[in-house]
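Trainee: What would the 3D arrangement of this be:
(chains A and B)
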Amino acid sequence: GAVVSQHPSWVICKSGTSVKIECRSLDFQATTMFWYRQFPKQSLMLMATSNEGSKATYEQGVEKDKFLINHASLTLSTLTVTSAHPEDSSFYICSAEVGYGYTFGSGTRLTVV
Amino acid sequence: DAKTTQPNSMESNEEEPVHLPCNHSTISGTDYIHWYRQLPSQGPEYVIHGLTSNVNNRMASLAIAEDRKSSTLILHRATLRDAAVYYCIHSNAGNMLTFGGGTRLMVKP
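Mentor: Just a heads-up that it's a prediction; the model follows:
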């Protein structure tokens, strides 16, 4: 089936630095990708919708200047957490629509210290 | 908001069938019913989806009520590897998925 490859699987960074998370669609083209965030013992919350070649659409309450999304090609979308703080520590997951539904990346556990 | 209601948790014995219920009374006529599951520290995994008719695949079966306001995911023989959080979602084609709380399934050996 269609696979979305997400990297890194985990990252630890210092407060104030930026972290980039990549999602690649391996055997299909994704004009749209979705970025979710999940805090411990909570459900997935949609952060933004990434559109190839155009600006991302952010959900209410998500700072677009803090969570930079780039979708420059049909197979790659990136999420950059800028000036990360401990409260940004979370599990970040990307997703793309495929014929039977949606396929998800394996997630990135971000820890900001 | 595409809201579904699921029990917070369920328990099953290994090798026995499991029926996971979901209420989606606000579903529209064109919404599909999706089920995904999430193992610890992993992204969600597609399980099954349907529109009106019951569906079967190698992972599970999906039974959809005639009025489409509820559905049941059926795992025919639960294994330890089926322990996960199961999410029931209804969504129109092309729209993003809105996740609710899901059901945490625990499988006892």
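Trainee: neighbours around A:Tyr58, how many?
Mentor: 18 (other C-beta atoms under 10 Å in any protein chain shown). Where you see a C-beta, it was placed from the backbone N, CA and C, and this is true even at glycine.
Trainee: what do you get for B:Thr52?
Mentor: Neighbour number of B:Thr52 under other C-beta under 10 Å is 12.
Trainee: That one is in contact with B:Arg68, isn't it?
Mentor: Yes. With contact defined as C-beta atoms under 8 Å, B:Thr52 counts as touching B:Arg68 (6.6 Å).
Trainee: so A:Gly16 sits in a strand?
Mentor: No. Assigned with DSSP: H, G, I helix; E, B strand; the rest coil, A:Gly16 falls outside any strand and is coil.
Trainee: Contacts only, for it.
Mentor: A:83-85 (C-beta atoms under 8 Å, 6 or more residues apart in numbering or on different chains).
Trainee: Please tell me how far it sits from A:Ser90.
Mentor: Distance of A:Gly16 to A:Ser90, given as C-beta to C-beta, to the nearest Å: 17 Å.
Trainee: so what's B:Ala93 scoring on pLDDT?
Mentor: As predicted, B:Ala93 sits at a pLDDT of 69.
Trainee: let me fix that: A:Thr31
Mentor: 89.
Trainee: try A:Gly99
Mentor: pLDDT at A:Gly99 comes out at 79.
Trainee: count of residues packed around it?
Mentor: So A:Gly99, with other C-beta under 10 Å, has 8 neighbours.
Trainee: who's in contact with it?
Mentor: A:Ala2.
Trainee: Return the per-residue confidence for B:Ala2.
Mentor: At B:Ala2, pLDDT is 61.
Trainee: Over to B:Ser53?
Mentor: Reading off the model, B:Ser53 has pLDDT 93.
Trainee: show me the contacts for B:Thr52.
Mentor: B:64, B:68.
Trainee: Correction: the previous question concerned A:Gln6.
Mentor: A:21-24, A:93-94, A:105-108, B:43.
Trainee: Let's see that with 10 Å instead.
Mentor: Neighbouring residues of A:Gln6 by C-beta atoms under 10 Å, 6 or more residues apart in numbering or on different chains: A:21-24, A:77, A:79, A:92-95, A:104-108, B:43.
Trainee: Just the ones in strands from the residues you listed, please.
Mentor: A:21-24, A:77, A:79, A:92-95, A:104, A:108 (DSSP state E).
Trainee: These: which ones sit near chain B?
Mentor: A:92-95, A:104, A:108 (C-beta under 10 Å from any C-beta of the partner chain).
Trainee: which parts of chain A sit against chain B?
Mentor: Contact residues (C-beta under 10 Å from any C-beta) of chain A with chain B: A:1-2, A:4, A:6, A:9-10, A:32, A:34-36, A:38, A:41-46, A:48-49, A:57, A:59, A:91-95, A:97-98, A:100-109.
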